[in-house]
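>>> Below are the sequence and a predicted model for it; my questions follow.
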Amino acid sequence: MTALVALALLALLAPRAHAETPKFEYADGPTAVRAFNEKNERELAEWSKAQPATPYKYPREDNVLNAPWGAFLKSIGDHPDLILATLVPHVGAQLRGQSPAAVVSWPWSIPFGPGFTASRPLQGSSFTVREYRAHRAVFEPGLFSSPQGAGFYIRPGYRFFYHPSEWVMGLGFGAGTTIEIANPRVDPFRASVSPEVILQFGHCCDPGYFNLTVRYDRFFAGDAFDIPSGNLGFVFF
């Protein structure tokens with residue numbers, strides 16, 4: 001049932017409104033992304049040759065109180081979305097047997113593999129290409145709390161996202177294992193087999209998306225063997 005709802009939402013929300021004036025140019029597929037990057041490098045080289053020479057300016061340190069606080073604070077101000085995606089937890093809920101549980105987690109991910117989609121602005125002299133990589137290595141620490149007690153978990157895993165440039169929502173699938181360290185009187189140290197489905201809201205390929213995740217954990221020890229869960233949060237990739 002969940003899969004049917006996800007597919008229905010995907011069909012309704014995926015098409016991008018074509019009435020808007022395009023602000024970016026895109027490439028979809030690994031081969032097209034490679035060609036897109038090569039084209040960008042050629043155009044950047046031609047643009048650089050056409051620019052007037054500028055005198056060399058020695059880079060001075062931006063120190064405050066004999067420490068590089070200026071550069072540090074500037075980097076935070078330049079990338080607040082990265083700070084938010086790293087520090088602000090995802091919030092959700094679980095059903096542990098017959099008891100609901102609140103969950104907070106930090107699903108950090110590292111994209112790898114070839115770019116599946118790429119974009120760059122159409123206006124101005126911008127040669128910044130942003131790539132969207134479909135494969136993700138995930139490490140997720142989290143906390144849960146239920147009437148039976150609280151616990152901590154870590155979840156290594158893998159995710160794959162399908163998010164073409166014309167979609168405002170991507171679809172992802174993942175698998176991993178949730179390793180719980182819980183209240184020893186209720187559930188011992190244990191691990192699960194854990195598939196998941198993710199809806200990713202946002203336009204490709206600029207960073208900053210919201211992920212809605214539905215997960216099922218099958219444990220082989222403890223009282224609650226089958227634990228469905230869901231969470232929502234902001235991610236950079």
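Perfect, thanks for sending it.
>>> Would you tell me which strand is longest in the chain?
What stands out as the longest strand in the chain, according to DSSP state E, is strand 130-146.
>>> Which residues belonging to stretch 102-115 are considered buried?
103, 104, 105, 106, 107, 108, 109, 111, 115 (16 or more other C-beta atoms under 10 Å). Every C-beta, even on glycine, is put in place using the N, C-alpha and C of the backbone.
>>> Let me fix that, I meant to ask about stretch 27-46.
By neighbour count on 16+ other C-beta under 10 Å, the buried set for stretch 27-46 is 27, 28, 30, 33, 36, 37, 40.
>>> quick one: average pLDDT of it?
Average pLDDT, stretch 27-46: 85.
>>> which residues are contacting that stretch?
Where contact means C-beta atoms under 8 Å, 6 or more residues apart in numbering, the residues beyond stretch 27-46 that reach it are 114, 115, 116, 117, 118, 119, 120, 127, 129, 131, 164, 165.
>>> how far is that stretch from where the chain is centred?
Here the centre of stretch 27-46 is set off from its chain's centre by 24 Å, with C-alpha atoms, centre = their mean, to the nearest Å.
>>> which residues of this protein score low on pLDDT?
1-22, 61-73, 75-78, 123-125, 183-188 (pLDDT under 70).
>>> Strands of that one, start to end?
Using DSSP E, strands in the chain cover 24-28, 90-96, 99-105, 108-121, 130-146, 149-162, 169-176, 179-181, 190-201, 209-219, 226-235.
>>> pull the longest helix from this protein.
Longest helix of the chain, by residue count under DSSP state H: helix 30-50.
>>> How far does it sit from its chain's centre?
Worked out by C-alpha atoms, centre = their mean, helix 30-50 lies 26 Å from the chain centre.
>>> Just the C-alphas of that helix, formatted as CSV.
Output of helix 30-50 as CSV, limited to C-alpha atoms (Å, rounded to 0.1, in the frame of the first residue of the first chain):
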residue,chain,number,x,y,z
PRO,A,30,26.2,9.5,-16.8
THR,A,31,27.3,9.9,-20.5
ALA,A,32,25.5,13.2,-20.9
VAL,A,33,26.9,14.5,-17.6
ARG,A,34,30.5,13.7,-18.8
ALA,A,35,29.9,15.6,-22.0
PHE,A,36,28.3,18.4,-20.1
ASN,A,37,31.4,18.7,-17.9
GLU,A,38,33.7,18.7,-20.9
LYS,A,39,31.7,21.4,-22.6
ASN,A,40,31.8,23.5,-19.4
GLU,A,41,35.6,23.2,-19.1
ARG,A,42,36.1,24.3,-22.7
GLU,A,43,33.8,27.3,-22.3
LEU,A,44,35.5,28.2,-19.0
ALA,A,45,38.9,28.1,-20.7
GLU,A,46,37.8,30.3,-23.5
TRP,A,47,36.2,32.8,-21.1
SER,A,48,39.3,32.9,-18.9
LYS,A,49,41.5,33.7,-21.9
ALA,A,50,39.2,36.7,-22.8
